[in-house]
Structures are given as structure tokens and as C-alpha cells.
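Asker: need a structure here:
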Amino acid sequence: MAELNFETVNAQIESLDLDQLEKNIASRAKVQVQANVAGVAAIPAYICEAWSKIGGIIKLIAKFPFLPPKWRKALELLIKTMDSLC
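Answerer: Next up is the predicted model:
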């Protein structure tokens, strides 16, 4: 794993196509909902339990005005995804 610093995280975020990622997540979420209706196991409970306890931190960080816009958009996508799953 690369060193965790601004430059490596920024390079990783900047390389993302967030619009495409959002479309991919939305289509997978639709499949997940259909699978759940069919009786397939849902998201593991511990993931939603963790999100319910620490998601507020991520939501707060996403509001920091000094974050680069693409970082904020990436966090908003994570929040939207986790909120829809949990």
C-alpha cells in the first residue's frame, strides 16, 4: 500500500471517474435490492453497525470547506452509497 499522505491520496482521487463510479454503484445497488427480495443475504450487519456509529464523522469531514472539490464529491458518493445500503 502506498504511503498515506496528501499527494498519494490526491493522485488516487484525481484518477477516479466519479460519475462512472456513481453509475456503477447505482446499478449494483439495484441488483442488490432485487437479490434481497429474492432472499439472497443482504449487506453484513456489522458493516451497517459500523456505518451507523462512525458515518457521522465522515459526513462532518465531507463538509470541511478546505477539501478539494473532487475529494468532497468522492466522500458524498461514499455517504450516499452507505446511507442507501444501511
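Asker: Report the residue spans of the protein with pLDDT below the cut-off.
Answerer: Applying pLDDT under 70 to the chain flags the ranges 1-2, 29-42.
Asker: again, only using 50
Answerer: 40 (pLDDT under 50).
Asker: middle-most residue in it, spatially?
Answerer: Leu78 (1.8 Å; C-alpha atoms, centre = their mean).
Asker: Quick check: closest non-adjacent residue to it.
Answerer: Ile58 (6.7 Å; C-beta to C-beta, 6 or more residues apart in numbering). Placement of C-beta: from N, CA and C, glycine included.
Asker: so how far is Ser52 from the one you found?
Answerer: As defined by C-beta to C-beta, to the nearest Å, Ile58 lies at a distance of 12 Å from Ser52.
Asker: Which one of the two is surrounded by more residues?
Answerer: More crowded of Ile58 and Ser52, by other C-beta atoms under 10 Å: Ile58, with 14 against 11.
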